[in-house]
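Participant: This is the structure alone, sequence omitted:
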């Protein structure tokens, strides 16, 4: 069975500052992917960034980057230069065989002006 | 349309009523997923289609839940004899091919409230 844990139900950050959201996971599969999704009040899940488990290099997408620690089964998301539009629920997700995603409980991020 | 479309956006059902939720995936997308998202929780997998074939329905919570995708495009999730615990947002997602790293595009979901 796959599990994903996000231990921070809520976080807040000042505009232009940096924030890190935590995620740990567990799986017995050797081939998997990790994702961070953003869910604004519109409810539509938007992919923020993805990481292939067999790649050691951490993924980066503009202001978003991850710290992937495979041995520790940790996958944190760093948001630099936070913007008001980053305010949303963020979900960490694990993709394994069959393509289904296992999601964490989510972290509500609020960016304050 | 350009994205995954779900209808209705909101549905209020009386307990015991049957409901049908529709998902129009992105044209040409082979894979289609249904997820259930309870209030304040992350989405949970319900079922998966590859074209018209339902390859995984292990997440369906009871035999009151039924999903179909008869022509490999539009999918319908049907819930019979709705119960209060069925109240949730039902999300549909589609992806171009069945690969682990393929981005899944989500719809805006249907919020079902059972009263």
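Facilitator: Cool, got the structure. All values derive from a computational prediction rather than experimental measurement.

Participant: secondary structure class for residue B:42?
Facilitator: coil (DSSP: H, G, I helix; E, B strand; the rest coil).

Participant: For the closest residue to it other than its chain neighbours, name its beta-bridge partners.
Facilitator: Spatial nearest neighbour of residue B:42, chain neighbours left out: residue A:103 (3.4 Å); criterion: CB to CB, 6 or more residues apart in numbering or on different chains. Placement of C-beta: from N, CA and C, glycine included. Beta-bridge partners recorded for residue A:103 (DSSP bridges): residue A:93.

Participant: Now chain B against chain A: closest residue?
Facilitator: residue B:42 (3.4 Å; CB to the nearest CB).

Participant: In this structure that residue contacts residue A:106, no?
Facilitator: Yes: at 5.3 Å, residue B:42 counts as touching residue A:106 under the criterion of CB atoms under 8 Å.

Participant: what do these two both touch?
Facilitator: residue A:91 (CB atoms under 8 Å, 6 or more residues apart in numbering or on different chains).

Participant: any idea of the mean pLDDT in stretch B:92-109?
Facilitator: If you average the pLDDT over stretch B:92-109, you get 83.

Participant: And it, end to end?
Facilitator: Stretch B:92-109 has an end-to-end distance of 7 Å (CA to CA, to the nearest Å).

Participant: Could you give me the buried positions within that stretch?
Facilitator: Neighbour-count burial for stretch B:92-109 flags B:92-95, B:100, B:102, B:104-109 (criterion: 16 or more other CB atoms under 10 Å in any protein chain shown).

Participant: Thanks a lot, see you next time.
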